[in-house]
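**Student:** coords below, sequence missing:
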């Protein structure tokens, strides 16, 4: 029998077996999204919410080697959005933003984008960035400090 004939015979046997087999058992219901590590859908109010928390990664090493500090962060149990003021405290699921201070400066900036923080032109040497997770009225709910060393590098990014 030729190779093509053997292939055709195998296909017929597989098709016959598949058609005569009993139907598969129904799949078990998928677990709720929250159990799978997803945040609640931000389309309905939540009756209760766990406390918000902030997760910050170390600077991305390839960019740090070029003198560019890229800090990825995420908020848990809070959505980062550029909405401010006391009326926003009643929004559910909870919303907020971050405050950022570099090297204990006397000032900070607020960011509501949720995008990585990008800091450039820091001199070579040790540095630290403080990130505070804030509610819409700028009350700090959680905070992290990331310390790192900008290596000596040449050129611009």
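**Tutor:** Nice, thanks for sending it over. Small disclaimer: the values here were computed from a predicted structure and weren't measured.
**Student:** where does this protein dip in pLDDT?
**Tutor:** The model of the chain has pLDDT under 70 over residues 1-47, 154-157.
**Student:** what segments of it are strands?
**Tutor:** For the chain, applying DSSP state E gives strands covering 53-56, 68-71, 73-76, 79-80, 95-102, 109-111, 117-120, 125-134, 140-150.
**Student:** show me the contacts for the residue nearest to residue 111 when sequence neighbours are not counted.
**Tutor:** Distances taken as C-beta to C-beta, 6 or more residues apart in numbering place residue 98 nearest to residue 111, at 5.2 Å, with adjacent residues excluded. For glycine as for every other residue, the C-beta is placed from the backbone atoms N, C-alpha and C. Counting by C-beta atoms under 8 Å, 6 or more residues apart in numbering, residue 98 touches 54, 73, 75, 80, 110, 111, 112, 117, 131, 132, 133, 134.
**Student:** buried members of the residues you listed into ChimeraX, please.
**Tutor:** The ChimeraX selection below is limited to those of these classed as buried (16 or more other C-beta atoms under 10 Å):
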select :54,73,75,80,111,112,117,131,132,133,134
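**Student:** in JSON lines: the contacts of residue 98, plus distance to residue 88.
**Tutor:** Converted to JSON lines, these look like this (distance: C-beta to C-beta, whole Å):
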{"residue": "54", "distance to residue 88": "18"}
{"residue": "73", "distance to residue 88": "20"}
{"residue": "75", "distance to residue 88": "15"}
{"residue": "80", "distance to residue 88": "13"}
{"residue": "110", "distance to residue 88": "13"}
{"residue": "111", "distance to residue 88": "16"}
{"residue": "112", "distance to residue 88": "11"}
{"residue": "117", "distance to residue 88": "22"}
{"residue": "131", "distance to residue 88": "20"}
{"residue": "132", "distance to residue 88": "17"}
{"residue": "133", "distance to residue 88": "15"}
{"residue": "134", "distance to residue 88": "11"}
